[in-house]
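>>> Starting from these lines, generate the structure:
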Amino acid sequence: MAARYGSVTPFAGPRRPRPSRAWFWVGGALIPLCLGIAVLMFVSGVLQALSPPDFVARTQGTRPATFTVDADRHPEPDWLLYSSPPTADHTACTLSGPDGTFPAFRYPTFDHRVADAERSWAMTGMTRLDEPGEYTLTCRAPGNVSYGIAYADTTTGPLIGLVGTLSALLFAPFAGVMAGVIIIIVTAVRRSGHPTRPLPTHLAAPPERSP
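Numbering: from 1, shown residues only. Modelled structure (predicted):
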């Protein structure tokens, strides 16, 4: 009687490379890396927001101070008045403009307090200067009280940047943790489920013969 041969598993060819263990290190390192970047961004934003404004003019007591509004350098009309000590009031100060007008200060819509090596400053007033030219700041204040005026964009810019930094501080660690965890899980699944290459036909089990 002719011999009956059993089925032989065919050779499946070369298998795909197994994922390297290095991806575990990549996923693990991504998490603290994003945390470190977020912390550095936050510290940088805080330092900028807490730095004193770039005053274009400062006055002390009753001494007047002049400054120039340039249409190219100051495209926005918003300006901020700061006082030191912070408890001083903006009603003590007046502005005279190049066209003979007297722009008034109003109470600020948000609080901003900073300090330099000599003084502590607080924003006490806001105004809009639409006309380019030379302005004079005059304050009726005691000799120990100082006022400074700054272009709003140079002050609110760092504050807005701080809000963006806080957002990055929340998003970057979350994104880093999620990316790192996904890399680790995908690597583990691919390594554990990696298929074993079948034996070639010449190494398969010998065929069964009938008695």
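
>>> and stretch 95-106, which residues are buried?
Leu95, Ser96, Gly97, Pro103, Phe105 (16 or more other Cβ atoms under 10 Å). Placement of C-beta: from N, CA and C, glycine included.

>>> what's the last one in contact with, if anything?
Contacts for Phe105 (Cβ atoms under 8 Å, 6 or more residues apart in numbering) come out as Leu81, His90, Thr91, Cys93, Leu95, Thr124, Gly125, Met126, Thr127.

>>> Let me know the pLDDT of it.
We have a pLDDT of 93 for Phe105.

>>> what about the residue lying closest to Thr91 once chain neighbours are set aside, distance to Pro53?
Closest residue in space to Thr91, ignoring its immediate chain neighbours: Phe105 at 7.6 Å, by Cβ to Cβ, 6 or more residues apart in numbering. Distance, Phe105 to Pro53, using Cβ to Cβ, to the nearest Å: 15 Å.

>>> Need phi/psi at the residue nearest to Thr91.
Dihedral angles phi and psi of Phe105 (degrees, to the nearest 10) take the values phi -90, psi 150.

>>> ok, back up a step: PyMOL command to pick out the buried ones of the contacts of Phe105?
The buried residues among those can be selected in PyMOL (16+ other Cβ under 10 Å) with this line:
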select buried, resi 81+90+93+95+124+125+126+127
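
>>> and Thr124, what is it in contact with?
Leu81, Tyr82, Ser83, Pro86, Ala88, Asp89, His90, Phe105, Pro108.

>>> and Asp153, that's in a helix?
Yes. According to DSSP: H, G, I helix; E, B strand; the rest coil, Asp153 belongs to a helix.

>>> which stretch of helix or strand covers the nearest residue to it once chain neighbours are set aside?
Closest residue to Asp153 apart from its sequence neighbours, by Cβ to Cβ, 6+ apart: Glu76 at 5.6 Å. Per DSSP states H and E: Glu76 is located in neither a helix nor a strand.

>>> circling back to that earlier point, can you tell me which of the buried residues of stretch 95-106 is nearest Leu30?
Nearest to Leu30 among these: Phe105, at 50.3 Å, using Cβ to Cβ.

>>> Please report how far the closest one lies from Thr127.
From Phe105 over to Thr127 (counting by Cβ to Cβ), the distance is 5 Å.

>>> and for these two, which residues touch both?
Leu81, Leu95.

>>> which of the residues in stretch 67-87 are buried?
Neighbour-count burial for stretch 67-87 [16+ other Cβ under 10 Å]: Phe67, Val69, His74, Trp79, Leu80, Leu81, Tyr82, Ser83, Ser84, Pro86.
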